[in-house]
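K.L.:
just the structure for this:
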Amino acid sequence: KHEWEKHGTCAATLQILNSQKKYFGKALELYQHVDLNGCLLKAGIKPSSSYYQMSAIKEALTRFYGVTPKIQCLPPEEGEKAQTIGQIEFCFTKELQLRNCTALKGESYPVQADLKLGTQELSVCDDSLPTYYPSEVQ
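P.N.:
Here you go, the predicted model:
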């Protein structure tokens, strides 16, 4: 209900997404098409206890998809040295083609509140910190 009311009703201005069934059906279709885990695995990046450089993750995604995604992380917990990937977001045009997740010249995007996971907030990842790619986020 939340996702439809917050995002779906805006997307419903497009005929291809103008119902809950179409909106969530297309979301599942795009999720399977993008296959984020498959892309990262091909680059040797897999959910594990290993740390990766954020630049390697960004480069793998950009090289594979040809667009720049938005990656948000949980900051290191006290005593930890690495951030944790919390969300990787791909952006699409109104025609549902992948596009860079950066504002184009003259465009503005509404300010999005940081997403909360548990008691921590996601923010733009720090390129200088080692990055943990968990199998699931608690």
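K.L.:
can you confirm K22 is in a helix?
P.N.:
Yes - using DSSP: H, G, I helix; E, B strand; the rest coil, the secondary structure at K22 is a helix.
K.L.:
so who does the closest residue to it other than its chain neighbours touch?
P.N.:
Spatial nearest neighbour of K22, excluding adjacent residues (Cβ to Cβ, 6 or more residues apart in numbering): I16 at 6.4 Å. Backbone N, C-alpha and C define where each C-beta goes, glycine included. With contacts defined as Cβ atoms under 8 Å, 6 or more residues apart in numbering, I16 is in contact with 22, 26, 96.
K.L.:
just the buried ones out of the residues you listed, please.
P.N.:
By the neighbour-count criterion of 16 or more other Cβ atoms under 10 Å, the contacts of I16 include these buried positions: 22, 26.
K.L.:
quick one: the helices in this structure?
P.N.:
Counting by DSSP state H, one finds helices in the chain at the ranges 2-3, 9-11, 20-34, 36-42, 54-65.
K.L.:
most tightly packed of the ones you listed?
P.N.:
When you average the neighbours per residue for each of the helices of the chain (mean count of other Cβ atoms under 10 Å), helix 54-65 leads with a mean of 16.
K.L.:
okay, the angle between it and helix 20-34?
P.N.:
Angle, helix 54-65 to helix 20-34, by axes from the mean of the first three to the mean of the last three Cα atoms, to 10 degrees: 110 degrees.
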